[in-house]
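Student: No letters, just coordinates:
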């Protein structure tokens, strides 16, 4: 087994429904252009408030993926 080298990319996902859906939205979008996603690190969670109610969730994620080997 060879040693893997990883790269991290920080993105923000959002959802009007839940934190979990915000994370899923971030990973799904990242997977459109990034191969070999291995893990997600949640860095920050926040919500946007409109008229005294939560309008949507925002989650800052670090997406970890392995680099292609030659």
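Tutor: Sure, I can see it. What you are looking at is a predicted structure, and each value in this text was computed from that prediction instead of being measured.
Student: Tell me how many other residues crowd residue 52.
Tutor: 5 (other CB atoms under 10 Å). Where C-beta positions appear, they are placed from N, C-alpha and C, glycine not excepted.
Student: how close does it get to residue 36?
Tutor: Applying CB to CB, to the nearest Å, the value for residue 52 to residue 36 is 43 Å.
Student: so which helix or strand takes in residue 63?
Tutor: strand 53-66 (DSSP states H and E).
Student: whoops, residue 12 was the one
Tutor: Element membership of residue 12, judged by DSSP H and E, is strand 6-15.
Student: Sheet-wise, list the partners of that strand with their directions.
Tutor: With DSSP bridges as the test, strand 6-15 is paired with strand 53-66 (antiparallel).
Student: from the chain's centre, how far out does the strand it pairs with sit?
Tutor: Remark: strand 53-66 is offset 5 Å from the chain centroid, using CA atoms, centre = their mean, to the nearest Å.
Student: For it, list every residue counted as buried.
Tutor: Neighbour-count burial for strand 53-66, counted by 16 or more other CB atoms under 10 Å, picks out 56, 57, 58, 59, 60, 61, 63, 65.
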